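Show me the folded form of this:
(4 chains)
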2 protein chains.
Amino acid sequence: MQTQSIHGAIATSLWVKSAIVTRQLDSSLGAVHGIGLSEYMVLFRLSRAPNKSLRRIDIADELARTASGITRLLAPMEKTGLVSKETNERDARVSLVKLTSAGEELFQNATVTLEARAESLLKNFDQKKADNFLKLLNRL
Amino acid sequence: MQTQSIHGAIATSLWVKSAIVTRQLDSSLGAVHGIGLSEYMVLFRLSRAPNKSLRRIDIADELARTASGITRLLAPMEKTGLVSKETNERDARVSLVKLTSAGEELFQNATVTLEARAESLLKNFDQKKADNFLKLLNRL
DNA sequence: TCATATTACTTGTATAGTCAAGTATATATC
DNA sequence: GATATATACTTGACTATACAAGTAATATGA
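Next comes the predicted model:
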(Lines give C-alpha, C1' and ligand atoms only; values in the text may rest on other atoms or scores of the structure.)
Protein backbone atom coordinates (compact mmCIF):
# COMPACT_ATOMS: atom_id res chain seq x y z
CA MET A 1 0.00 0.00 0.00
CA GLN A 2 1.45 3.29 -1.07
CA THR A 3 1.16 6.64 0.53
CA GLN A 4 -0.82 9.33 -1.20
CA SER A 5 0.92 12.59 -2.05
CA ILE A 6 -0.10 15.61 -0.06
CA HIS A 7 -1.88 17.04 -3.08
CA GLY A 8 -3.82 13.88 -3.69
CA ALA A 9 -4.70 13.68 -0.02
CA ILE A 10 -6.03 17.23 -0.05
CA ALA A 11 -8.13 16.54 -3.13
CA THR A 12 -9.53 13.38 -1.56
CA SER A 13 -10.31 15.00 1.72
CA LEU A 14 -11.85 18.04 0.09
CA TRP A 15 -14.08 15.79 -1.99
CA VAL A 16 -15.29 13.74 0.97
CA LYS A 17 -15.68 16.54 3.46
CA SER A 18 -17.45 18.89 1.12
CA ALA A 19 -20.01 16.15 0.43
CA ILE A 20 -20.69 15.84 4.15
CA VAL A 21 -20.98 19.55 4.73
CA THR A 22 -23.06 20.16 1.63
CA ARG A 23 -25.52 17.39 2.45
CA GLN A 24 -26.05 18.62 5.97
CA LEU A 25 -26.52 22.24 5.05
CA ASP A 26 -28.75 21.30 2.14
CA SER A 27 -31.00 19.17 4.28
CA SER A 28 -31.28 21.77 7.05
CA LEU A 29 -32.21 24.48 4.59
CA GLY A 30 -34.65 22.18 2.84
CA ALA A 31 -36.38 21.09 6.02
CA VAL A 32 -36.69 24.56 7.53
CA HIS A 33 -37.07 26.86 4.55
CA GLY A 34 -37.83 24.70 1.56
CA ILE A 35 -34.78 25.74 -0.43
CA GLY A 36 -31.61 23.91 -1.33
CA LEU A 37 -28.07 25.05 -0.67
CA SER A 38 -27.63 26.09 -4.29
CA GLU A 39 -30.70 28.26 -4.09
CA TYR A 40 -29.42 29.77 -0.89
CA MET A 41 -26.14 30.59 -2.61
CA VAL A 42 -27.99 32.42 -5.36
CA LEU A 43 -29.88 34.47 -2.79
CA PHE A 44 -26.64 35.18 -0.99
CA ARG A 45 -24.90 36.51 -4.07
CA LEU A 46 -27.89 38.60 -5.05
CA SER A 47 -28.20 40.05 -1.57
CA ARG A 48 -24.78 41.61 -1.79
CA ALA A 49 -24.90 42.68 -5.43
CA PRO A 50 -25.40 46.34 -6.34
CA ASN A 51 -29.11 46.92 -6.90
CA LYS A 52 -29.59 43.30 -5.74
CA SER A 53 -29.45 42.09 -9.28
CA LEU A 54 -27.03 40.09 -11.39
CA ARG A 55 -26.70 38.60 -14.83
CA ARG A 56 -27.21 34.85 -14.95
CA ILE A 57 -23.75 34.29 -16.25
CA ASP A 58 -22.17 36.14 -13.35
CA ILE A 59 -24.11 34.02 -10.88
CA ALA A 60 -22.87 30.94 -12.70
CA ASP A 61 -19.26 32.09 -12.51
CA GLU A 62 -19.43 33.04 -8.85
CA LEU A 63 -21.03 29.77 -7.86
CA ALA A 64 -18.84 27.65 -10.15
CA ARG A 65 -21.86 26.31 -12.03
CA THR A 66 -22.75 26.32 -15.70
CA ALA A 67 -25.15 28.76 -17.31
CA SER A 68 -27.59 25.96 -17.96
CA GLY A 69 -27.50 24.89 -14.34
CA ILE A 70 -28.38 28.44 -13.34
CA THR A 71 -31.27 28.62 -15.80
CA ARG A 72 -32.75 25.48 -14.28
CA LEU A 73 -32.06 26.56 -10.73
CA LEU A 74 -33.74 29.92 -11.19
CA ALA A 75 -36.91 28.69 -12.88
CA PRO A 76 -38.64 27.51 -9.68
CA MET A 77 -37.28 30.48 -7.76
CA GLU A 78 -38.99 32.82 -10.19
CA LYS A 79 -42.19 30.84 -9.91
CA THR A 80 -42.20 31.07 -6.13
CA GLY A 81 -41.32 34.76 -6.29
CA LEU A 82 -37.90 34.71 -4.64
CA VAL A 83 -36.37 36.41 -7.64
CA SER A 84 -37.72 38.26 -10.65
CA LYS A 85 -36.55 38.61 -14.20
CA GLU A 86 -35.55 41.99 -15.55
CA THR A 87 -34.21 43.08 -18.88
CA ASN A 88 -31.12 45.11 -19.62
CA GLU A 89 -31.96 47.86 -22.06
CA ARG A 90 -28.40 48.12 -23.27
CA ASP A 91 -28.12 44.45 -24.16
CA ALA A 92 -31.16 42.42 -25.06
CA ARG A 93 -29.32 39.13 -24.65
CA VAL A 94 -29.06 39.70 -20.95
CA SER A 95 -31.77 38.79 -18.52
CA LEU A 96 -31.04 40.17 -15.10
CA VAL A 97 -32.06 38.33 -11.97
CA LYS A 98 -33.30 40.49 -9.16
CA LEU A 99 -33.86 39.60 -5.54
CA THR A 100 -37.44 40.30 -4.49
CA SER A 101 -38.38 41.41 -1.00
CA ALA A 102 -39.82 37.94 -0.36
CA GLY A 103 -36.50 36.50 -1.49
CA GLU A 104 -34.63 38.83 0.77
CA GLU A 105 -36.73 37.92 3.75
CA LEU A 106 -36.32 34.22 3.13
CA PHE A 107 -32.61 34.76 2.74
CA GLN A 108 -32.34 36.51 6.11
CA ASN A 109 -34.13 33.66 7.84
CA ALA A 110 -32.23 30.97 6.00
CA THR A 111 -28.97 32.65 6.94
CA VAL A 112 -29.76 32.08 10.60
CA THR A 113 -30.33 28.38 9.97
CA LEU A 114 -27.30 28.01 7.77
CA GLU A 115 -24.94 29.74 10.14
CA ALA A 116 -26.15 27.75 13.13
CA ARG A 117 -25.63 24.51 11.24
CA ALA A 118 -22.27 25.62 9.88
CA GLU A 119 -21.15 26.59 13.33
CA SER A 120 -21.99 23.17 14.69
CA LEU A 121 -20.18 21.51 11.81
CA LEU A 122 -17.15 23.62 12.63
CA LYS A 123 -17.26 23.07 16.35
CA ASN A 124 -13.70 21.69 16.30
CA PHE A 125 -12.37 24.98 14.98
CA ASP A 126 -11.39 27.83 17.25
CA GLN A 127 -11.39 31.36 15.89
CA LYS A 128 -7.82 31.23 14.73
CA LYS A 129 -8.17 27.87 12.98
CA ALA A 130 -11.37 29.00 11.31
CA ASP A 131 -9.73 32.17 10.01
CA ASN A 132 -6.83 30.19 8.74
CA PHE A 133 -9.05 27.60 7.10
CA LEU A 134 -10.99 30.26 5.26
CA LYS A 135 -7.80 31.92 4.03
CA LEU A 136 -6.48 28.61 2.77
CA LEU A 137 -9.75 27.78 1.04
CA ASN A 138 -9.74 31.13 -0.71
CA ARG A 139 -6.21 30.54 -1.89
CA LEU A 140 -7.60 27.80 -4.10
CA MET B 1 -25.24 44.48 2.71
CA GLN B 2 -24.33 42.44 5.73
CA THR B 3 -21.19 40.54 6.44
CA GLN B 4 -21.29 36.79 6.53
CA SER B 5 -20.15 35.01 9.67
CA ILE B 6 -16.88 33.15 9.49
CA HIS B 7 -18.73 29.84 9.59
CA GLY B 8 -21.04 30.81 6.78
CA ALA B 9 -18.09 32.07 4.78
CA ILE B 10 -16.25 28.78 5.21
CA ALA B 11 -19.31 26.80 4.13
CA THR B 12 -19.76 29.02 1.08
CA SER B 13 -16.14 28.85 0.08
CA LEU B 14 -15.94 25.11 0.61
CA TRP B 15 -18.98 24.62 -1.57
CA VAL B 16 -17.66 26.73 -4.42
CA LYS B 17 -14.07 25.60 -4.33
CA SER B 18 -14.84 21.92 -4.04
CA ALA B 19 -17.01 22.21 -7.15
CA ILE B 20 -14.09 23.70 -9.06
CA VAL B 21 -11.59 21.11 -7.87
CA THR B 22 -13.97 18.20 -8.36
CA ARG B 23 -14.87 19.22 -11.89
CA GLN B 24 -11.27 19.58 -12.95
CA LEU B 25 -10.11 16.31 -11.47
CA ASP B 26 -13.15 14.53 -12.82
CA SER B 27 -12.61 15.78 -16.32
CA SER B 28 -8.88 14.97 -16.31
CA LEU B 29 -9.53 11.44 -15.13
CA GLY B 30 -12.35 11.03 -17.61
CA ALA B 31 -10.34 12.28 -20.57
CA VAL B 32 -7.21 10.26 -19.82
CA HIS B 33 -8.49 7.09 -18.16
CA GLY B 34 -12.21 6.95 -18.79
CA ILE B 35 -13.19 6.95 -15.13
CA GLY B 36 -14.80 9.61 -12.97
CA LEU B 37 -13.49 10.99 -9.72
CA SER B 38 -15.93 8.88 -7.71
CA GLU B 39 -14.72 5.75 -9.41
CA TYR B 40 -11.17 6.75 -8.71
CA MET B 41 -12.02 7.17 -5.06
CA VAL B 42 -13.44 3.65 -4.93
CA LEU B 43 -10.23 2.28 -6.45
CA PHE B 44 -8.20 4.31 -4.00
CA ARG B 45 -10.00 2.93 -0.95
CA LEU B 46 -9.82 -0.61 -2.25
CA SER B 47 -6.12 -0.30 -3.01
CA ARG B 48 -5.32 0.33 0.60
CA ALA B 49 -7.79 -2.09 2.14
CA PRO B 50 -6.60 -5.39 3.60
CA ASN B 51 -6.91 -8.05 0.91
CA LYS B 52 -7.91 -5.21 -1.42
CA SER B 53 -11.55 -5.81 -0.69
CA LEU B 54 -14.29 -3.97 1.14
CA ARG B 55 -17.98 -4.23 1.89
CA ARG B 56 -20.12 -1.86 -0.14
CA ILE B 57 -21.39 -0.16 2.94
CA ASP B 58 -17.89 0.63 4.14
CA ILE B 59 -17.04 2.18 0.81
CA ALA B 60 -20.20 4.26 1.10
CA ASP B 61 -19.24 5.47 4.57
CA GLU B 62 -15.67 6.31 3.66
CA LEU B 63 -16.69 8.21 0.57
CA ALA B 64 -19.66 9.93 2.22
CA ARG B 65 -22.10 8.44 -0.28
CA THR B 66 -25.21 6.32 0.18
CA ALA B 67 -25.31 2.56 -0.26
CA SER B 68 -27.49 2.94 -3.30
CA GLY B 69 -25.07 5.38 -4.88
CA ILE B 70 -22.30 2.81 -4.41
CA THR B 71 -24.39 0.05 -5.99
CA ARG B 72 -24.87 2.22 -9.05
CA LEU B 73 -21.27 3.36 -9.17
CA LEU B 74 -19.91 -0.18 -8.99
CA ALA B 75 -22.14 -1.73 -11.64
CA PRO B 76 -20.17 -0.41 -14.62
CA MET B 77 -16.87 -0.99 -12.81
CA GLU B 78 -17.72 -4.67 -12.48
CA LYS B 79 -18.71 -4.83 -16.10
CA THR B 80 -15.41 -3.35 -17.22
CA GLY B 81 -13.51 -5.60 -14.86
CA LEU B 82 -11.99 -3.01 -12.52
CA VAL B 83 -13.53 -4.72 -9.52
CA SER B 84 -15.10 -8.11 -8.90
CA LYS B 85 -17.86 -9.28 -6.62
CA GLU B 86 -17.10 -11.77 -3.87
CA THR B 87 -19.25 -13.29 -1.19
CA ASN B 88 -18.63 -13.41 2.49
CA GLU B 89 -19.21 -16.92 3.80
CA ARG B 90 -19.92 -15.66 7.29
CA ASP B 91 -22.65 -13.30 6.22
CA ALA B 92 -24.64 -13.88 3.06
CA ARG B 93 -26.02 -10.35 3.06
CA VAL B 94 -22.62 -8.97 2.32
CA SER B 95 -21.18 -8.72 -1.14
CA LEU B 96 -17.53 -7.82 -1.02
CA VAL B 97 -15.94 -5.67 -3.68
CA LYS B 98 -12.45 -6.67 -4.67
CA LEU B 99 -9.93 -4.75 -6.71
CA THR B 100 -8.82 -6.74 -9.76
CA SER B 101 -5.33 -6.51 -11.19
CA ALA B 102 -6.75 -4.51 -14.10
CA GLY B 103 -8.34 -2.18 -11.56
CA GLU B 104 -5.09 -1.84 -9.71
CA GLU B 105 -3.16 -1.04 -12.83
CA LEU B 106 -5.67 1.59 -13.89
CA PHE B 107 -5.55 3.01 -10.41
CA GLN B 108 -1.76 3.38 -10.51
CA ASN B 109 -1.92 5.23 -13.81
CA ALA B 110 -4.85 7.38 -12.77
CA THR B 111 -3.01 8.35 -9.62
CA VAL B 112 -0.27 9.93 -11.70
CA THR B 113 -2.83 12.00 -13.58
CA LEU B 114 -4.75 12.94 -10.47
CA GLU B 115 -1.73 14.01 -8.51
CA ALA B 116 -0.34 16.08 -11.35
CA ARG B 117 -3.66 17.86 -11.72
CA ALA B 118 -4.05 18.29 -7.98
CA GLU B 119 -0.58 19.71 -7.73
CA SER B 120 -1.32 22.30 -10.36
CA LEU B 121 -4.58 23.22 -8.64
CA LEU B 122 -2.61 23.71 -5.44
CA LYS B 123 0.20 25.68 -6.97
CA ASN B 124 -0.41 28.55 -4.55
CA PHE B 125 0.31 26.32 -1.58
CA ASP B 126 3.79 25.79 -0.26
CA GLN B 127 4.56 22.65 1.72
CA LYS B 128 3.65 24.18 5.05
CA LYS B 129 0.35 25.65 3.85
CA ALA B 130 -0.57 22.37 2.19
CA ASP B 131 0.11 20.38 5.37
CA ASN B 132 -1.89 22.84 7.36
CA PHE B 133 -4.77 22.81 4.89
CA LEU B 134 -4.96 19.03 5.00
CA LYS B 135 -4.97 19.03 8.79
CA LEU B 136 -7.76 21.56 8.89
CA LEU B 137 -9.81 19.64 6.32
CA ASN B 138 -9.44 16.47 8.34
CA ARG B 139 -10.61 18.29 11.43
CA LEU B 140 -14.02 18.56 9.78
C1' DT C 1 -21.70 47.51 -44.02
C1' DC C 2 -22.03 43.11 -44.21
C1' DA C 3 -20.06 38.59 -42.78
C1' DT C 4 -18.08 36.33 -39.04
C1' DA C 5 -17.28 35.59 -34.37
C1' DT C 6 -18.61 36.06 -29.67
C1' DT C 7 -21.77 36.38 -25.89
C1' DA C 8 -26.02 35.33 -23.05
C1' DC C 9 -29.14 32.36 -22.45
C1' DT C 10 -32.25 28.04 -23.14
C1' DT C 11 -33.30 23.36 -24.13
C1' DG C 12 -32.65 18.17 -25.14
C1' DT C 13 -30.36 14.55 -23.38
C1' DA C 14 -27.49 12.17 -20.26
C1' DT C 15 -25.27 11.03 -15.70
C1' DA C 16 -24.44 10.92 -10.76
C1' DG C 17 -26.47 10.78 -7.04
C1' DT C 18 -30.57 10.91 -3.44
C1' DC C 19 -34.51 8.88 -0.83
C1' DA C 20 -37.96 5.47 0.09
C1' DA C 21 -39.39 0.97 -0.30
C1' DG C 22 -38.38 -3.81 -0.97
C1' DT C 23 -35.71 -8.39 -0.33
C1' DA C 24 -32.79 -11.42 2.02
C1' DT C 25 -30.17 -12.54 5.84
C1' DA C 26 -28.62 -12.15 10.62
C1' DT C 27 -29.16 -10.93 15.49
C1' DA C 28 -31.73 -10.37 19.67
C1' DT C 29 -35.58 -11.25 22.76
C1' DC C 30 -39.19 -13.64 24.85
C1' DG D 1 -36.91 -21.89 18.71
C1' DA D 2 -40.37 -18.27 16.96
C1' DT D 3 -40.92 -13.64 16.29
C1' DA D 4 -39.30 -8.93 15.98
C1' DT D 5 -35.74 -5.89 14.79
C1' DA D 6 -31.59 -4.58 12.46
C1' DT D 7 -28.29 -4.84 8.63
C1' DA D 8 -26.59 -5.18 3.68
C1' DC D 9 -27.83 -4.47 -0.42
C1' DT D 10 -30.89 -3.36 -4.69
C1' DT D 11 -34.36 -1.01 -7.29
C1' DG D 12 -37.83 2.60 -8.85
C1' DA D 13 -38.62 7.21 -9.07
C1' DC D 14 -36.83 11.65 -8.72
C1' DT D 15 -33.49 15.79 -8.50
C1' DA D 16 -29.55 18.38 -9.57
C1' DT D 17 -26.51 18.97 -12.20
C1' DA D 18 -23.45 18.80 -16.84
C1' DC D 19 -22.51 19.03 -21.85
C1' DA D 20 -23.72 19.97 -26.53
C1' DA D 21 -26.43 22.19 -29.69
C1' DG D 22 -29.52 25.79 -30.76
C1' DT D 23 -31.32 30.84 -30.84
C1' DA D 24 -30.97 35.60 -30.59
C1' DA D 25 -28.40 39.71 -29.95
C1' DT D 26 -24.12 42.17 -30.03
C1' DA D 27 -19.33 43.18 -31.34
C1' DT D 28 -15.55 43.04 -34.69
C1' DG D 29 -13.11 43.89 -38.73
C1' DA D 30 -12.34 43.59 -43.99
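
does any bit of stretch A:53-64 sit next to DNA strand C?
Yes. With Cβ under 7 Å from any atom of the strand as the criterion, DNA strand C is reached by stretch A:53-64 at A:55-58. Where C-beta positions appear, they are placed from N, C-alpha and C, glycine not excepted.

so where is chain A shaky, pLDDT-wise?
A:1-2 (pLDDT under 70).

mind running it again at 90?
Across chain A, the ranges flagged by pLDDT under 90 are A:1-4, A:87-94.

Give the buried residues for the top helix by length along it.
In chain A, taking DSSP state H as the definition, the longest helix is helix A:6-33. Neighbour-count burial for helix A:6-33 flags A:6-19, A:21-22, A:24-26, A:28-29, A:33 (criterion: 16 or more other Cβ atoms under 10 Å in any protein chain shown).

So which of these reach DNA strand C?
The residues of the buried residues of helix A:6-33 that also fall near DNA strand C, by Cβ under 7 Å from any atom of the strand, are A:Ala19.

name the element the residue in chain A that DNA strand C sits nearest to belongs to?
Per Cβ to the nearest atom of the strand, the residue of chain A with the smallest distance to DNA strand C is A:Ser68, at 2.8 Å. Counting by DSSP states H and E, the element that carries A:Ser68 is helix A:67-79.

Does that helix reach chain B?
No. Using Cβ under 8 Å from any Cβ of the partner chain, helix A:67-79 stays clear of chain B, coming no nearer than 10.2 Å.

what sits against the residue nearest to A:Ile20 when sequence neighbours are not counted?
Distance criterion Cβ to Cβ, 6 or more residues apart in numbering or on different chains; nearest residue to A:Ile20, sequence neighbours excluded, is B:Ala64 at 4.9 Å. Applying Cβ atoms under 8 Å, 6 or more residues apart in numbering or on different chains to B:Ala64 gives the contacts A:16-17, A:19-20, A:23.

what sits against A:Ile6?
A:Ile6 is in contact with B:127, B:130-131, B:134, counting by Cβ under 8 Å, 6+ apart.
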